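Trainee: Next one to model:
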Amino acid sequence: MNPARLVTFAMYFAIAYLVIKMFISSKRNGKNKMIIDAVRLINEKDMFFNRVDQLISTVNDPEFANKGRVLKLWGCAYHQDFSEFDSTLQELDIDSLIEDKKGVKSIDTNEDSFFYLYLAIPNVLHHVGRDDLRTTMHAKLQPYEEILENQLSKALSDQLDKYYDSVDDRGQTFFEKLLEGDYEGYIYSRTMIGIYKNLANATLYKIYQDQAKFEQLEEMKPMLEQFAQTGVGKRWIQSLDISLDNTMEEPVEKEVVENKKSNSEENLSETMVLEKLTDSDIEKLDQKPSENLSETMVLEKLTDADLEEKDKK
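Mentor: Numbers count the residues shown, from 1 in each chain. Coordinates of the predicted model:
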């Protein structure tokens, strides 16, 4: 074949590949926007559930339908409306959230959903006194333990269970090692490690508080106070009944959702992560900013403009 013609064919192939890739990316961004729009309604109970149910029933993509089901489970816990919790958990197809990359199982594109399943939802369930449902969730995830055993979110979840159930050392040793940077061998998103460390720091702070280790508390307090400035941090700290000043405050009521803020724009950040922190959030957690936008972001801050900009790239 003429070399010039071969080069021409190669160029056409490359252009076609890029066009297809951009089209697929654009479609995925549109679905991610549906997820984010639903999360922004978390304070408006009826609107939230209507939006999530619409997403589940209309999106022609098993992955995103099940991301919607994960959101619905979170909404059930957040609003303490458990009428559809069991049925939603039964319908949840976890396989659709796990990608097969050349024979290797990966949750890279759905680490947000596993943050919900392993960390955020169990935390809310424990806080509102529904450890029975926390156990039910773990049973749902149990068949995937071998696949996910090296995921840092899974390991952190196991240690948080020790804290919730007051067994062994309540996860203290693991939390200390995680904060020291000793987590080699675990799989995690580069931009999620800041969140995981801050969850460990907050929980370890409470353990030390119970042990009256005041010197350690003073060392950990700056990181905790910085974390408290984010919605996810504030939510987690409240669930641990931690007071950050020297006076005793009113404990957080079990009915945590009765104290909802009116501004729904603040509330994606309250408990949930959508895969990646925004650059500004990472900087707040002393993490290096991500070099590019993920398919979904964290803390409700992926705007329409962000999606449009990503489509152009």
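
Trainee: and residue 82, how many neighbours?
Mentor: The burial count assigned to residue 82 is 15, neighbours taken as other CB atoms under 10 Å. C-beta coordinates here come from the backbone N, C-alpha and C atoms, glycine included.

Trainee: just the one 3 residues further on next, same as before
Mentor: The burial metric for residue 85, expressed as a neighbour count using other CB under 10 Å, is 21.

Trainee: the bottom helix or strand of the protein by mean pLDDT?
Mentor: The helix or strand of the chain with the poorest confidence is helix 268-271; it has a mean of 35 (mean pLDDT, DSSP states H and E).

Trainee: low-confidence ranges in the stretch 101-250 of the chain?
Mentor: Low-confidence segments of the stretch 101-250 of the chain, defined by pLDDT under 70: 245-250.

Trainee: ok, which stretches of it are helices?
Mentor: Counting by DSSP state H, counting those that start in this stretch, the stretch 101-250 of the chain has helices at residues 111-115, 121-127, 131-141, 145-148, 152-165, 172-179, 193-210, 214-228, 231-239.

Trainee: could those be laid out in TSV, adding mean neighbour count and distance to residue 65?
Mentor: Listed next are the helices of the stretch 101-250 of the chain as TSV, based on neighbours: other CB atoms under 10 Å; distance: least, CB to CB, whole Å:
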stretch	mean neighbour count	distance to residue 65
helix 111-115	27	12
helix 121-127	23	18
helix 131-141	15	16
helix 145-148	14	21
helix 152-165	20	22
helix 172-179	19	33
helix 193-210	21	25
helix 214-228	14	33
helix 231-239	21	25
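
Trainee: can you tell which of those helices is closest to residue 83?
Mentor: helix 131-141 (12.3 Å; CB to CB).

Trainee: Now do that closest one: everything it contacts.
Mentor: 73, 77, 82, 85-86, 89, 92, 94, 117-118, 121-122, 125-126, 148, 161, 164-165 (CB atoms under 8 Å, 6 or more residues apart in numbering).

Trainee: My read is that residue 157 contacts residue 115, right?
Mentor: No: contact criterion CB atoms under 8 Å: residue 157 and residue 115 do not qualify, at 9.6 Å.

Trainee: For the helices of the stretch 101-250 of the chain, give me JSON lines that also has distance to residue 45.
Mentor: Shown next, in JSON lines, are those (distance: least, CB to CB, whole Å):
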{"stretch": "helix 111-115", "distance to residue 45": "21"}
{"stretch": "helix 121-127", "distance to residue 45": "15"}
{"stretch": "helix 131-141", "distance to residue 45": "18"}
{"stretch": "helix 145-148", "distance to residue 45": "31"}
{"stretch": "helix 152-165", "distance to residue 45": "26"}
{"stretch": "helix 172-179", "distance to residue 45": "34"}
{"stretch": "helix 193-210", "distance to residue 45": "26"}
{"stretch": "helix 214-228", "distance to residue 45": "26"}
{"stretch": "helix 231-239", "distance to residue 45": "17"}
